[in-house]
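Enquirer: Here is the input, now give the coordinates:
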Amino acid sequence: MDRLQQMDKRNAVGCLFILAMMAAPFIALIYGFGFGLLVLTVGLLLTAALAIDARDQVLPERRKFILGMAAAALALALVTGIAAVSQLR
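Expert: Coordinates of the predicted model:
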């Protein structure tokens, strides 16, 4: 329990990202395709958040690449979010 209290924001977001990506297929099998897409959308949003947070820690010449990856994750999150909403209707 003490380790959980010492976990910083990046580690918590990273753990949630891993959990969302691993759980999405199983949630889709159990609850349906729409819910799986919804969990995948959350994982992609967490990926973008981690990439945006990491931009200050990388070399200046790599920042454009990191921001591009964040933009790609956000674009995929938008598409999967729209697909999730259409499936859940």
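Enquirer: which regions of this structure lie under the pLDDT threshold?
Expert: Across the chain, the ranges flagged by pLDDT under 70 are 1-7.
Enquirer: ok, now how distant is Leu38 from Ala24?
Expert: Going from Leu38 to Ala24 by Cβ to Cβ, to the nearest Å gives 9 Å. Quick note: C-beta positions are derived from backbone N, CA and C, even for glycine.
Enquirer: now do Ala84
Expert: 11 Å.
Enquirer: Need the residues touching each of the two.
Expert: Leu37, Leu40 (Cβ atoms under 8 Å, 6 or more residues apart in numbering).
Enquirer: Could you pull out the buried residues of whichever strand or helix holds Ile30?
Expert: Using DSSP states H and E, Ile30 sits in helix 9-31. By neighbour count with 16 or more other Cβ atoms under 10 Å, helix 9-31 contains the buried residues Val13, Gly14, Phe17, Ala20, Met21, Ala23, Ala24, Ile27, Ala28.
Enquirer: Stretch 67-83 too?
Expert: Buried, per 16+ other Cβ under 10 Å, within stretch 67-83: Met69, Ala70, Ala73, Leu74, Leu76, Ala77, Thr80, Gly81, Ala83.
Enquirer: how distant is it from the center of its chain?
Expert: Relative to its chain's centre, stretch 67-83 lies at 9 Å (Cα atoms, centre = their mean, to the nearest Å).
Enquirer: One more: stretch 14-24?
Expert: For stretch 14-24 - counting by Cα atoms, centre = their mean - the centre lies 8 Å from the chain centre.
Enquirer: Give me the contacts around that stretch.
Expert: Contacts for stretch 14-24 (Cβ under 8 Å, 6+ apart): Met7, Gly36, Leu37, Val39, Leu40, Val42, Gly43, Leu46, Thr47, Leu50.
Enquirer: 6 Å - rerun?
Expert: If you take Cβ atoms under 6 Å, 6 or more residues apart in numbering as the criterion, stretch 14-24 is touched by Gly36, Val39, Leu40, Val42, Gly43, Leu46, Thr47.
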